[in-house]
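Asks: the sequence and its predicted three-dimensional model are supplied below.
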Amino acid sequence: MPLLVQATTLARPSYRLVEVYDSDAYLTDDEAIAAAERNVVGGNGYHLYMLSLQSDLKVEVTIRVWEAPQPSPVDVEGFTPVSLESETGVLVVGQFALGPAGEMSLPRSGVYEGTVSWSGRAAAARYHEQALREIEGDWSTTRIRQLWDDNPQPEQYILDLWYVREPEPVDDDD
């Protein structure tokens, strides 16, 4: 089961959200966001939202595309199955209100299934709370940014995906 492609991006969880979506599926989906608020990850087939417990520390988002289905991840805080359709073959890692953080080209356009797993989420939230208590009024932006970057256990989300079929045909009337 070879790994076909992998990309890692650092993203700031604007409004505590990091998103992954097809480059043509940039519209916000309130129902998928509500699902992420309940289950850490929510999606609508074209757009995934991952909910962090903090909004300042950068999180690491890794997208891996495999030749075949992968077993459920181990040694993670949690995971959930996902499906993601990409008509363009390009996935964007977004910072919700802050815009794109990076993008990745898939081996081909189509529908991918897989899992999103996460780790370091709780530890990053604890560090964030501790750091907020340390910040005083005369801290410079540079000093605060350095405090955010010094997080000893980064928050990570890993999307393990594999191709399952061609994308749905586009209806020109839509």
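Replies: Right, received. Where do you want to start?
Asks: now the element after the lowest-mean-pLDDT helix or strand in the chain, going C-ward?
Replies: Least confident helix or strand, the chain: helix 141-149 with a mean of 85, by mean pLDDT, DSSP states H and E. Reading on from helix 141-149 to the C-terminus, the next helix or strand found by DSSP states H and E is strand 156-165.
Asks: on contacts alone, who are the packing partners of that next one?
Replies: Helices and strands touching strand 156-165, by 3 or more CB pairs under 8 Å, 6 or more residues apart in numbering; DSSP states H and E, are strand 59-66, strand 78-86, strand 110-119. All C-beta spots, glycine's among them, are computed from the backbone N, C-alpha and C.
Asks: strands paired with the second one, and their directions?
Replies: Neighbouring strands of strand 78-86 in its sheet, by DSSP bridges, are strand 110-119 (antiparallel).
Asks: and the least confident helix or strand of the chain, what does it pack against?
Replies: Short answer (3+ CB pairs under 8 Å, 6+ apart): helix 141-149 packs on helix 121-134.
Asks: quick one: residue 51 and residue 17 touch, right?
Replies: Yes: with contact defined as CB atoms under 8 Å, residue 51 counts as touching residue 17 (6.1 Å).
Asks: among the helices and strands packed on strand 156-165, which is nearest residue 146?
Replies: In terms of CB to CB, the element of those nearest to residue 146 is strand 59-66, at 17.4 Å.
Asks: now do the closest one against strand 78-86, angle only.
Replies: Relative orientation of strand 59-66 versus strand 78-86 (axes from the mean of the first three to the mean of the last three CA atoms, to 10 degrees): 60 degrees.
Asks: what residues does strand 59-66 touch?
Replies: If you take CB atoms under 8 Å, 6 or more residues apart in numbering as the criterion, strand 59-66 is touched by 1-13, 18, 20, 50, 52, 91, 93, 101-102, 104, 106-107, 112, 114, 124, 154-163.
Asks: which residues touch residue 5?
Replies: Counting by CB under 8 Å, 6+ apart, residue 5 has contacts 64, 65, 104, 105, 106, 107.
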